[in-house]
Every structure is written in C-alpha cells, then in structure tokens.
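*Asks:* Could you work out the structure for the sequence below:
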Amino acid sequence: MLPVLVALATTPTPAVTPDPAIVTPGPLGFAAIAFIGVAVFLLVWDMLRRIRRGRYREEVNAELDAEEARAREASADDTDPTAPRI
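*Replies:* Take a look at the predicted model:
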C-alpha cells in the first residue's frame, strides 16, 4: 500500500514538447501530398472513363442483339408456311 501512496504523492514531470520546426512537414511533405492528390485524381478520372466506355459498349451490344432478334423474327415470319398471306 505504501508504494501506491508514494506514487500518488509524487508530482509528474512535465512532458517535453518537440520543437515545432522539426514536426512540420515542410515543402517536401507538401510536394509529396500534392503528388498523391494529383495521382489519385488522375486514377479516378481514368477509372470513370473506363466504366463509362464499358457501359456504352453494353448499350450498343444490347441494341445490336435487339436488331438481330427483330431480323430473325422477320425472316422467320417470311418463311413460315402457315402464316396467312395478305
């Protein structure tokens, strides 16, 4: 119990704060963060461009498939012998 009382009775020494000039990132840190920001921006821009391109391809493929289906239906209607003729 005595060590606990001694530990509580002593006053803590103040913490040493580092020099603010050492802690700041400086121009090199700013350049590194700016480089990372520009790189992220360009990567996101490229990703969105690729996603958009893929979406357009899907739309065009769907339209082509629909045209082919209509053409097959039209050719099947022309060759159907049981179809009534007008």
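
*Asks:* Point out where this protein drops to low pLDDT.
*Replies:* 10, 12, 78-86 (pLDDT under 70).

*Asks:* Just give me the longest helix of the protein.
*Replies:* helix 26-79 (DSSP state H).

*Asks:* Excluding chain neighbours, what is closest to residue 33?
*Replies:* residue 25 (7.6 Å; Cβ to Cβ, 6 or more residues apart in numbering). In short, each C-beta sits where N, CA and C put it, glycine included.

*Asks:* Quick check, central residue of the chain?
*Replies:* What sits nearest the mean C-alpha location of the chain, by Cα atoms, centre = their mean, is residue 44, with 6.3 Å.

*Asks:* Distance check, that residue against residue 5.
*Replies:* 60 Å (Cβ to Cβ, to the nearest Å).

*Asks:* how close does the residue nearest to the centre of the chain sit to residue 37?
*Replies:* Residue 44 is 11 Å from residue 37, by Cβ to Cβ.

*Asks:* do residue 55 as well
*Replies:* 27 Å.

*Asks:* who's in contact with stretch 20-30?
*Replies:* 32-33 (Cβ atoms under 8 Å, 6 or more residues apart in numbering).

*Asks:* first vs last residue of it, how far apart are they?
*Replies:* Taking Cα to Cα, to the nearest Å, the first and last residues of stretch 20-30 lie 16 Å apart.

*Asks:* Next: stretch 13-22.
*Replies:* End-to-end distance (Cα to Cα), stretch 13-22: 23 Å.

*Asks:* starting at the chain centroid, how far to it?
*Replies:* 40 Å (Cα atoms, centre = their mean, to the nearest Å).

*Asks:* Same question for stretch 32-52.
*Replies:* 9 Å.

*Asks:* Perfect, that will be all.
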